[in-house]
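[1] My questions concern the predicted model and sequence given below.
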Amino acid sequence: MALPLWKNALQTTKKMILQQRRLSLYNSAHGYKEELIKKKLQQFAGGSINLSKEDNGIGILTLNNPKLMNAFTGTMMVELQERVTELENWKDGKGLIIHGAGNTFCSGSDLNAVKEISNSQDGMNMCMFMQNTLTRLMRLPLISVALVQGKAFGGGAELTTACDFRLMAPGSEIRFVHKSMGLVPGWGGAARLVRIVGSGAALQLLGGAVRVDPERALRLGLSDQTLPSSDETRALGEARAWLSQYTDAPATVIRAVKNVVTAGRELPLEAALRTEKDIFGTVWGGPANLQALVRRPKHK
Ligand SMILES: CC[C@H](C(=O)O)C(=O)SCCNC(=O)CCNC(=O)[C@H](O)C(C)(C)COP(=O)(O)OP(=O)(O)OC[C@H]1O[C@@H](n2cnc3c(N)ncnc32)[C@H](O)[C@@H]1OP(=O)(O)O
């Protein structure tokens, strides 16, 4: 018996999206040798990236290196890639909250490792590895939130820009400190920041290594809400509540919502329209749509 049209469309579209997602930003054509880079990064051990995938479709990803303000060691960079692959394969996932252990977000690369990866090629290899991972994170079919408590500095600030939204606890700070180190962002943070706040504000935040508090972040559109509590546990509960207003539907629908927005953001108009049509075909006549029609919802 032929599959219902929506199931057929779902299978076709899933294959297309997965193929697009698997086309990494960097590959061997760019001199990118992933296994060699991973081997180098794994020389710098410490900390972990923990992921909890909950039955309600919300994932909690924790940057766990509190002794070093959750600075990214080499092994944490490799683990982040592994967690993103897990999230790409989580078919029931619809939301993700990224936060740091010890009531602070992340202070960027582990400076102990940075001092060892000092030549240009090793630096660019680390950037290609992190850009591949953060681009895949950004394209996940889940609505993602960076819960910023304490400090999000350097690469930590860049990581927040790979999430769909940023929520900040009172007293927290996002700071692109790269200039002070004679650097520019390398994990894709500049390209994403320009798209979030505009080139003028991005130039000020990068050129001035500006301390961005919750109020300034809201004004710039860099943050979507300042949470009431700076307490670690309460802030996570507030972030869950905030995210729930955008994930309150079956995973198939929320994942389709994120995918049409990603298409609209990243594709030329006509390709975005065709992708939207294909994604529409995966939900039109699907279980959630049919149940809604039976209920005949009244949108007050
Ligand atoms: C593309 C990414 C980019 C790159 O790779 O080029 C980077 O991200 S480079 C790193 C950029 N980040 C920084 O420069 C931040 C450095 N850290 C700080 O400015 C402060 O630690 C701060 C403001 C985050 C917190 O200050 P606070 O006084 O509250 O704490 P401490 O400084 O005492 O830190 C506690 C403890 O953690 C160690 N620490 C903090 N950040 C790092 C880091 N990025 N790498 C390694 N270690 C870090 C700090 O040394 C202290 O350790 P201790 O043994 O107690 O001295």
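    Great, that's in hand. These numbers come from a predicted model, not from an experiment.
[2] What residues of whichever helix or strand Thr275 is part of count as buried?
    Taking DSSP states H and E as the definition, Thr275 sits inside helix 269-283. Buried residues in helix 269-283, defined by neighbour count with 16 or more other C-beta atoms under 10 Å: Ala272, Thr275, Glu276, Asp278, Ile279, Gly281, Thr282, Val283. Heads up, the C-betas are built off the backbone N, CA and C, glycines and all.
[3] again, but for stretch 217-227
    Buried-residue list, stretch 217-227, by 16+ other C-beta under 10 Å: Ala217, Leu218, Leu220, Leu222, Ser223, Asp224, Gln225, Thr226, Leu227.
[4] Off-centre distance for it?
    17 Å (C-alpha atoms, centre = their mean, to the nearest Å).
[5] follow-up on the earlier one: using PDB, write out every CA atom in the helix holding Thr275.
    Extracted in PDB, the C-alpha atoms of helix 269-283 (Å, rounded to 0.1, in the frame of the first residue of the first chain):
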ATOM      1  CA  LEU A 269      14.700  33.200  -1.800                       C
ATOM      2  CA  GLU A 270      13.600  30.700  -4.500                       C
ATOM      3  CA  ALA A 271      15.500  27.800  -2.900                       C
ATOM      4  CA  ALA A 272      14.000  28.800   0.500                       C
ATOM      5  CA  LEU A 273      10.500  28.800  -0.900                       C
ATOM      6  CA  ARG A 274      11.000  25.400  -2.500                       C
ATOM      7  CA  THR A 275      12.400  24.000   0.800                       C
ATOM      8  CA  GLU A 276       9.500  25.500   2.700                       C
ATOM      9  CA  LYS A 277       7.100  23.700   0.300                       C
ATOM     10  CA  ASP A 278       8.900  20.400   0.900                       C
ATOM     11  CA  ILE A 279       8.800  20.800   4.700                       C
ATOM     12  CA  PHE A 280       5.200  21.900   4.500                       C
ATOM     13  CA  GLY A 281       4.500  18.500   2.800                       C
ATOM     14  CA  THR A 282       5.900  16.700   5.700                       C
ATOM     15  CA  VAL A 283       3.400  18.100   8.200                       C
END
